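# Pasting a predicted model and its sequence here:
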Amino acid sequence: EVLLVESGGGIVQPGGSLRLSCAASGFTFSSYRMHWVRQAPGKGLVWVSRINGDGSSTNYADSVKGRFTISRDNAKNTLYLQMNSLRAEDTAVYYCARKSGAGLFDIWGQGTMVTVAS
Amino acid sequence: QSVLTQLPSASGTPGQRVTISCSGSRSSIGSNTVDWYQQLPGTAPKLLIFGNNQRPSGVPDRFSGSKSGTSASLAISGLQSEDEADYYCAAWDDSLNGVVFGGGTKLTVL
């Protein structure tokens, strides 16, 4: 079964840091681009970042550029999102998602909640 | 404010046909294919339509997608109560160099 499982969410103070993980199973992880997408409480989906299969190329939304870093460890089948200088507006459920062949995201994790509050 | 524009709500009665629209720009929908996602309450989004009009295996043929110029549409025929969910369109944007989503349309089955 193809599965993505996020972890690492929690409550953090403004200005703090958090690292999210996304464990992949059931497919050849290194063959796929991976993304992070977030959803603030009661709001819509917002794309955060993407990384190619070998980790050599990354893209970020302007709202997180310079603060967040996406990376992957293909030996561990794991995707990461290092989040620094967190702000209240970063509060959201963070989903990792696999890039599908002809579309954008064919597999999504269950999400992990990040709350930035003092 | 989302880059792709969707009406916030739509509704229909069981058995009816409903259409959800998504408007973008030349750099997004005008240059790339559109996906549609269904999000049931409290769950992760699920791929419904990819490549403008392709259904993943397991998605009923009641769901169909189309694209024209810088706009796209999702049609749901034979509406069922379990179709009550939020629906999002998405596309790559060549100018922003990232994925853009619509704000979502909440579908209510009356």
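Received the coordinates, thanks. Computed from a predicted structure; not experimentally measured.

# My guess is B:Gln54 contacts A:Ala102. True?
Yes - with contact defined as C-beta atoms under 8 Å, B:Gln54 counts as touching A:Ala102 (6.6 Å). All C-beta spots, glycine's among them, are computed from the backbone N, C-alpha and C.

# how about the nearest residue to the residue sitting nearest the centre point of chain A, chain neighbours excluded?
Closest residue to the average C-alpha location of chain A: A:Trp36 at 3.1 Å, with C-alpha atoms, centre = their mean. In this structure, A:Trp36 finds its nearest non-sequential neighbour in A:Val48, 4.1 Å apart by C-beta to C-beta, 6 or more residues apart in numbering or on different chains.

# Which elements pack onto whichever strand or helix holds the one you found?
Assessed by DSSP states H and E, A:Val48 sits inside strand A:45-51. Here strand A:45-51 touches strand A:34-39, strand A:58-60, strand A:68-73, strand A:78-83, strand A:92-99, strand B:85-93, strand B:98-101, going by 3 or more C-beta pairs under 8 Å, 6 or more residues apart in numbering or on different chains; DSSP states H and E.

# And the strands in chain B?
B:9-12, B:18-23, B:34-39, B:46-49, B:63-68, B:71-76, B:85-93, B:98-101, B:105-109 (DSSP state E).

# Buried ones in the second one, by neighbour count?
Looking back up the chat, that one is strand B:18-23. Residues of strand B:18-23 classed as buried: B:Val18, B:Ile20, B:Ser21, B:Cys22, B:Ser23 (neighbour count, 16 or more other C-beta atoms under 10 Å in any protein chain shown).

# Among the residues you listed, which ones lie close to chain A?
Subset of the buried residues of strand B:18-23 in contact with chain A: empty, counting by C-beta under 8 Å from any C-beta of the partner chain.

# nearest to chain A, of these?
B:Cys22 (12.2 Å; C-beta to the nearest C-beta).

# Model confidence at that closest one, what's the number?
Listed pLDDT for B:Cys22 reads 98.

# List the residues that contact it.
By C-beta atoms under 8 Å, 6 or more residues apart in numbering or on different chains, B:Cys22 lies in contact with B:Leu4, B:Thr5, B:Gln6, B:Ile29, B:Val34, B:Ser71, B:Ala72, B:Ser73, B:Leu74, B:Cys89, B:Gly102.

# Low-confidence ranges, chain A, go.
Scanning chain A for pLDDT under 70 picks out nothing.

# ok, now with 90
Applying pLDDT under 90 to chain A picks out residues A:100-103.

# okay, now residue 98: neighbour count?
Since no chain was named, I'll use chain A. Using other C-beta atoms under 10 Å in any protein chain shown, A:Arg98 has 23 neighbouring residues.

# Let me rephrase: I mean chain B.
Neighbours of B:Gly98 under the rule other C-beta under 10 Å: 20.
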